[in-house]
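# coords below, sequence missing:
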């Protein structure tokens, strides 16, 4: 098992030697140290993982990941797609109870109860939660992903995505837009009304449109969007635009009433993030077949419930490795500040898990206007991720890096050896239930989850005892 | 009058000092010489232009250029827009006669005659051309621009663009798509049929849509597209996508038959270059108010008719400075080669004249897959254009260059002082009439036209005799 961050230097944008020379002069010739910390587990543990066959296993896992051919094929309610029943709710991240749930998670559950007619008022819904009457389970356990709180109730329509290379499905709810929306923990009347319109109009219209169109190749849309300034997590403007261009003729051909079509077109057009909810199941459909490769140290899920940050690793089955979620930093909407921010929340880190999002920041320099920072940070973010990933994605390329593939396949061993954690873009939810979105920015996963995963891999390899 | 190329170093993409250091080591530490040739006119001529007040005049011209607020407001036939009558044709570039017209220019005129019902067969049309029965005039003379051959006949619908800052209009025909199309000199039945559909269906549908929508702010679309990987000449995928997203709801609201709407949507969607024909009149509307600033050495038109390359300069009125057009080099379609290529043709260099196109290549690294070359070439192209332009566009920014404004306002004095000519993206037409498009690539304007313009400015300054 070798690591690459210290043995290989990253690619660089080449503008001509004269320009680099001047920059060096301007900035002084001292070479900045690579971001590196001592390994967080001892050498014996790392050796045990290597002896457990991680390298060969990782080749298998990585090859499955990049072989994915995700296609959007239809729309299904959570009831039909994954058998969700009244009183059952899916949520983002690792398992969590009502007692430990954060404000936005509780708020999203309240919205779900109101939407499903389980309660008439937020107070009634809160009481149901307090009484322990809800059955909660992570989205990830049933081939589903949910942005932010990720709360899915039985009547919600979901995108149905199939990975043609392996035949597995993945699902995700439809994007509600920004501001006061359920996934950020808001539950006002306009939130419930919008969810109803999505169930009654948007979902059925999209279902008809995709039936007319036939399966939509998401890998191609994502690859094109990376060449158009998206990183596919916090910036989906190009992908959403390509989606609209591609689907609009089919939507017109559904024969639905023109007023309804105009509403649907206006709703999708009004939200540059609409396509995120197709990137997420595309990524989930790609990562699920990589599970359960014995010995593999590749991350197959990375997700947050607003209380805990958790990962699942290919070689350790369905076990979640968790630690308290950090509070993201970034740019805040209106009068909100960092004091209003909830800890990190959502399954959208499935994008980074599949080689886009924060890992593809170099493709999206304009994103710094949304999440803060400098253009150089966006380039450096992608560069640094090559050190903790197993390879480069053959289809997802970054033009400015001479079409180098995005860093793909997060390796927990490389993370503990280098001390470099995955780079994550994220939306920021208000910590008080009912608030909604307060900003967007960046967050660092806690190192403990990666350390714990490496120790579990070592234990399974049965070569050394767990520390 | 000062120049900047030699006194100021260009900006550079900064990825971190450590990366630059390695690149320098990899490539050797010799500094590559700046592309520079001795001035093509003597110092006395340059001094005369400076004494003629070029610096102050250029501030006026540049400020007008970047103050432009182009909006698409409607559709009008060339007959209604510019008073074109049967037998009259507009064409791209400086003035040209049938005798001197290239294959694609003649082919496009043949298509125009067939489309207008002036001839029943290509042979009859050719005979009309030979007989000198056509009245030809440059598009540029009547606030119009035409891509490639740029042949406009009276019945053709045109985009009507208004520059809100100055109240002037500019017009451009609608984009036909790629391959065998009139503007590349094709005149087969499918070409004439498509022109008829554009007149009878596409034009009226777009006219209704823009009436529903109200004026479309082209400056904003262009600024957004630059942040999405377009350079707005040979790559308009993002701009076309944004256009479709923005206009589709209004198109739906026109109440036109759904089959017709589906045809229009499919036609626009099928052509990533559709928006070019809105960038061009936006650029024309921006440059026209910059004309006739006495003493200004800023280029206000740069255009080719397939035989000659010509420019017009603010301080020299409507005079064209021309020289034989070069043959572009790039990537060729199918079995075509450089031997099939016609010399440079089209008014689309109005994009470079207004600070986008080849001047914004750094915003569009993915374009190298369409026109050839390396990503570093795209960055270097924009960098080098800062040396021959008067300033940076305040709205048109390049994210990867830390949101630096595009190099804008081509200065003939800077060109002759540095020997650096404008960087031009272009489509490539087949040289035989009727062929259509054979490729896309890059072309260098002939230095003589800039030298001639500087000498004319000097003569007008009346301080030195023309050489």
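Cool, got the structure. Computed from a prediction, not measured in an experiment: that's the story for all the values here.
# can you pull the buried residues of stretch A:410-422?
Using 16 or more other CB atoms under 10 Å in any protein chain shown as the test for burial, stretch A:410-422 gives A:410-422. In short, each C-beta sits where N, CA and C put it, glycine included.
# Can you tell me which of those end up in strands?
Among the buried residues of stretch A:410-422, the members found in strands (DSSP state E) are residue A:410.
# Among the buried residues of stretch A:410-422, find me the one that's closest to chain B.
The shortest approach to chain B among the buried residues of stretch A:410-422 belongs to residue A:420, at 14.1 Å (CB to the nearest CB).
# Double-check the closest one against residue A:386; I have them as touching.
No. The pair residue A:420 and residue A:386 fails to qualify as a contact (CB atoms under 8 Å) at a distance of 10.2 Å.
# List the contacts of the nearest residue to residue A:157 once chain neighbours are set aside.
With CB to CB, 6 or more residues apart in numbering or on different chains as the criterion, residue A:157 has its nearest non-adjacent residue at 3.0 Å, and that residue is residue A:203. Applying CB atoms under 8 Å, 6 or more residues apart in numbering or on different chains, one finds that residue A:203 lies in contact with A:75, A:77, A:157, A:174.
# Can you add distance to residue B:441 and pLDDT and give the buried residues of stretch A:410-422 back as JSON lines?
Rendered in JSON lines, the data for these read as follows (distance: CB to CB, whole Å; pLDDT from 0 to 100):
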{"residue": "A:410", "distance to residue B:441": "41", "pLDDT": "98"}
{"residue": "A:411", "distance to residue B:441": "42", "pLDDT": "97"}
{"residue": "A:412", "distance to residue B:441": "47", "pLDDT": "97"}
{"residue": "A:413", "distance to residue B:441": "47", "pLDDT": "96"}
{"residue": "A:414", "distance to residue B:441": "42", "pLDDT": "96"}
{"residue": "A:415", "distance to residue B:441": "45", "pLDDT": "96"}
{"residue": "A:416", "distance to residue B:441": "49", "pLDDT": "95"}
{"residue": "A:417", "distance to residue B:441": "47", "pLDDT": "93"}
{"residue": "A:418", "distance to residue B:441": "44", "pLDDT": "93"}
{"residue": "A:419", "distance to residue B:441": "47", "pLDDT": "93"}
{"residue": "A:420", "distance to residue B:441": "42", "pLDDT": "95"}
{"residue": "A:421", "distance to residue B:441": "44", "pLDDT": "96"}
{"residue": "A:422", "distance to residue B:441": "41", "pLDDT": "96"}
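# Okay, helices next: where are they in the stretch 101-250 of chain A?
Taking DSSP state H, counting those that start in this stretch as the criterion, the stretch 101-250 of chain A carries its helices at A:103-115, A:122-130, A:189-197, A:203-213, A:218-226, A:237-252.
# Looking at those helices, which one is packed in the most?
With neighbours taken as mean count of other CB atoms under 10 Å in any protein chain shown, the helices of the stretch 101-250 of chain A reach their highest mean count in helix A:103-115, at a mean of 28.
# Quick check: which helices or strands does that helix pack against?
Here helix A:103-115 touches strand A:88-91, helix A:122-130, helix A:189-197, going by 3 or more CB pairs under 8 Å, 6 or more residues apart in numbering or on different chains; DSSP states H and E.
# just the angle between that helix and helix A:122-130, please?
110 degrees (axes from the mean of the first three to the mean of the last three CA atoms, to 10 degrees).
# Averaged pLDDT, helix A:103-115. What do you get?
Looking at helix A:103-115 alone, the average pLDDT works out to 97.
# And that helix, how far out from the chain middle?
Taking CA atoms, centre = their mean, to the nearest Å, one finds the center of helix A:103-115 at 21 Å from the center of the full chain.
# Equivalent analysis for stretch A:166-180, please.
Once both centres are worked out by CA atoms, centre = their mean, stretch A:166-180 turns out to sit 11 Å from its chain's centre.
# any residue of that stretch up close to chain B?
No. With CB under 8 Å from any CB of the partner chain as the measure, stretch A:166-180 is seen stopping short of chain B, the closest distance being 14.7 Å.
# Quick check: buried residues in that stretch?
Residues of stretch A:166-180 classed as buried under the neighbour-count rule (16+ other CB under 10 Å) are A:168-178, A:180.
# pLDDT of it, averaged?
For stretch A:166-180, mean pLDDT is 95.
# what's the span of it, first residue to last?
Separation of the first and last residues of stretch A:166-180 by CA to CA, to the nearest Å is 38 Å.
# and whichever strand or helix holds residue A:455, average pLDDT?
With the criterion set as DSSP states H and E, the secondary-structure element containing residue A:455 is helix A:447-461. Within the predicted structure, the mean pLDDT of helix A:447-461 is 95.
# contacts for that helix?
Taking CB under 8 Å, 6+ apart as the criterion, the residues outside helix A:447-461 that touch it are A:40-41, A:45-46, A:48-49, A:51-54, A:294-295, A:297, A:299, A:309-311, A:313, A:315-316, A:319, A:321-323, A:412-413, A:415-416, A:419, A:421, A:464-467.
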